[in-house]
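Trainee: Okay, here's the prediction I keep looking at, along with the sequence it came from:
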Amino acid sequence: MRFRTIGTLSLSLGAMALGGSAAAQTTLAPPAITRIVIAATKLPTVTDVPLYFKAVSVTIPPGENSSVSAANGIVYQISGSTEVSLDGGTKILNAGDGLFIAAGKTSVLKAGSGGPSSFLHFLLAPAADLDRPAEQAPAVVRELYRTAAPIPDLKPGGYDLNLTRVTFPAQMPSNPPHHRSGAALYYIISGTGANTVDGTTMEKAPGSLIYEPYALVHQWGNPGSEPLTFLAFNINPEGVAAVLPGTPPKNQ
């Protein structure tokens, strides 16, 4: 009886050791890429006139008002807060929030009293609006980027316009080569990305803006030890994925 008890204990300890070994060998899944749509709308056409991407940074002093009337665009709050009055309604934007403002709409922007309001304004603008200030004084507006030529390869039909915040986990290898179905303008919020085009990889630090027209085949990775977070101001044909694998067809 004593022998049987010891044998049973030995088997139990062996099973526990095997179970512990199996648990130790379990590989955790790597952190996933996250995508959060900050603001979005649908445009019935993008081919009536040539269109450009433009991005500006805006700062409104504490408690002060500004007005905006510009091309189709999306604002993204960086710091502070902004009270936006539009179409008879009011919305408060805190850091990380965004809002679509349609072309021809006039809105009033009021900075919170606790400090200045700082935000980005991404615009999809015709040439006639490129040199027109979006926000009025006392707002301080600084242009960050504009495309040198109209966005190419836009097609008849409806398009989706959105601003999406994307986070790549640390040590993420470069993704497979791909291209846009429309076009996008990136803004790096934090971390350092690795952008590969034509076999050349370049680091993109916070504050960098990267333009991706339709035919640009590229890759993105995050070799750093911290997550990479960026904004993608994107247009793509309605019903078509924003990102398509490989190289676009030559007949396009």
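Mentor: Here it is on my side, so go on. Everything quoted here is computed from the prediction, not taken from an experiment.
Trainee: where exactly do the strands run in the stretch 1-150 of the chain?
Mentor: 34-43, 51-60, 65-68, 72-79, 82-86, 89-93, 98-101, 107-111, 117-126, 140-146 (DSSP state E, counting those that start in this stretch).
Trainee: Against which helices or strands is the fifth one packed?
Mentor: Contacting strand 82-86 under the criterion 3 or more CB pairs under 8 Å, 6 or more residues apart in numbering; DSSP states H and E are the following elements: strand 89-93, strand 98-101, strand 107-111. From N, CA and C alone the C-beta is placed, and that goes for glycine too.
Trainee: on that earlier part again, which of the strands of the stretch 1-150 of the chain sits most buried?
Mentor: Mean neighbour count (mean count of other CB atoms under 10 Å) peaks for strand 117-126 among the strands of the stretch 1-150 of the chain, with a mean of 23.
Trainee: now that one, how far from the centre of its chain.
Mentor: Between the centre of strand 117-126 and the centre of its host chain there is 13 Å, according to CA atoms, centre = their mean, to the nearest Å.
Trainee: Tell me what angle it forms with strand 51-60.
Mentor: Angle between the axes of strand 117-126 and strand 51-60 is 160 degrees (criterion: axes from the mean of the first three to the mean of the last three CA atoms, to 10 degrees).
Trainee: which intervals of the protein have sub-threshold pLDDT?
Mentor: Within the chain, the segments meeting pLDDT under 70 span 1-30, 251-252.
Trainee: Domain-wise, how is it divided?
Mentor: Taking automatic domain parsing as the reference, the chain has its domains at 29-47+151-252, 51-150.
Trainee: Okay, strands next: where are they in the stretch 151-252 of the chain?
Mentor: According to DSSP E, counting those that start in this stretch, the strands that the stretch 151-252 of the chain contains are 159-168, 178-180, 183-190, 193-197, 200-204, 209-212, 218-221, 228-237, 243-245.
Trainee: before we move on, back to that, turn the helices and strands packed on strand 82-86 into CSV, including distance to residue 160.
Mentor: Formatted as CSV, the helices and strands packed on strand 82-86 follow (distance: least, CB to CB, whole Å):
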stretch, distance to residue 160
strand 89-93, 21
strand 98-101, 11
strand 107-111, 22
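Trainee: Residue 235: which of these is closest?
Mentor: Closest of those to residue 235 is strand 98-101, at 12.5 Å (criterion: CB to CB).
Trainee: For that closest one, C-alpha coordinates in CSV please.
Mentor: Output of strand 98-101 as CSV, limited to C-alpha atoms (Å, rounded to 0.1, in the frame of the first residue of the first chain):
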residue,chain,number,x,y,z
GLY,A,98,-11.5,64.9,-34.5
LEU,A,99,-14.3,66.4,-36.6
PHE,A,100,-15.1,66.6,-40.3
ILE,A,101,-15.9,70.1,-41.6
